[in-house]
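S.K.: this is a predicted model, with the sequence first.
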Amino acid sequence: MAKGISGILTLIMICHDMESYHNIMITIPHLAKKLQRFANKARISVSYPVDKGIPWIINIDEILPEGDLPST
């Protein structure tokens, strides 16, 4: 779901399990690139499964390109 909060386009994703959370986190640079097509200022919010932590929110201009991500 994408919606404007305080004038900033926000993509909100709620994960139902840790595996989906991990898979979404890997695709964040790709999602940020797609959001930039719609707005210069946007952010992504990813929520852990219920009761597993607080949402992770980041502005798309703070996300490193995929090639610049540290390797794990």
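M.R.: Ah, there it is. Residues are numbered from 1 along each chain as shown.
S.K.: so residue 12 belongs to a helix, correct?
M.R.: No - read with DSSP: H, G, I helix; E, B strand; the rest coil, residue 12 is strand and lies in no helix.
S.K.: which residues does it bridge with?
M.R.: Note on residue 12: beta-bridge partners by DSSP bridges are residue 45.
S.K.: thought it was touching residue 35?
M.R.: No - in this structure, residue 12 is not within contact of residue 35 by C-beta atoms under 8 Å, at 11.9 Å. Every C-beta, even on glycine, is put in place using the N, C-alpha and C of the backbone.
S.K.: out of those two, which sits in the more crowded spot?
M.R.: When neighbours are counted by other C-beta atoms under 10 Å, residue 35 comes out ahead of the other of residue 12 and residue 35, with 20 against 15.
S.K.: how near is the more buried one to residue 53?
M.R.: According to C-beta to C-beta, to the nearest Å, residue 35 and residue 53 sit 23 Å apart.
S.K.: where exactly do the helices run in this structure?
M.R.: For the chain, helices defined by DSSP state H occupy the ranges 18-26, 28-35.
S.K.: can you list those helices in CSV and add mean pLDDT?
M.R.: Putting the helices of the chain into CSV (pLDDT from 0 to 100) gives the following:
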stretch, mean pLDDT
helix 18-26, 89
helix 28-35, 88
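S.K.: please dump those helices into CSV; it should also carry distance to residue 61 for every row.
M.R.: Formatted as CSV, these follow (distance: least, C-beta to C-beta, whole Å):
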stretch, distance to residue 61
helix 18-26, 18
helix 28-35, 8
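S.K.: nearest to residue 47, of those?
M.R.: Of all the helices of the chain, it is helix 18-26 that lies closest to residue 47, at 8.3 Å by C-beta to C-beta.
S.K.: just how off-centre is that closest one within its chain?
M.R.: Put simply, helix 18-26 sits 11 Å off its chain's centre (C-alpha atoms, centre = their mean, to the nearest Å).
S.K.: that helix vs helix 28-35, what angle?
M.R.: Angle, helix 18-26 to helix 28-35, by axes from the mean of the first three to the mean of the last three C-alpha atoms, to 10 degrees: 60 degrees.
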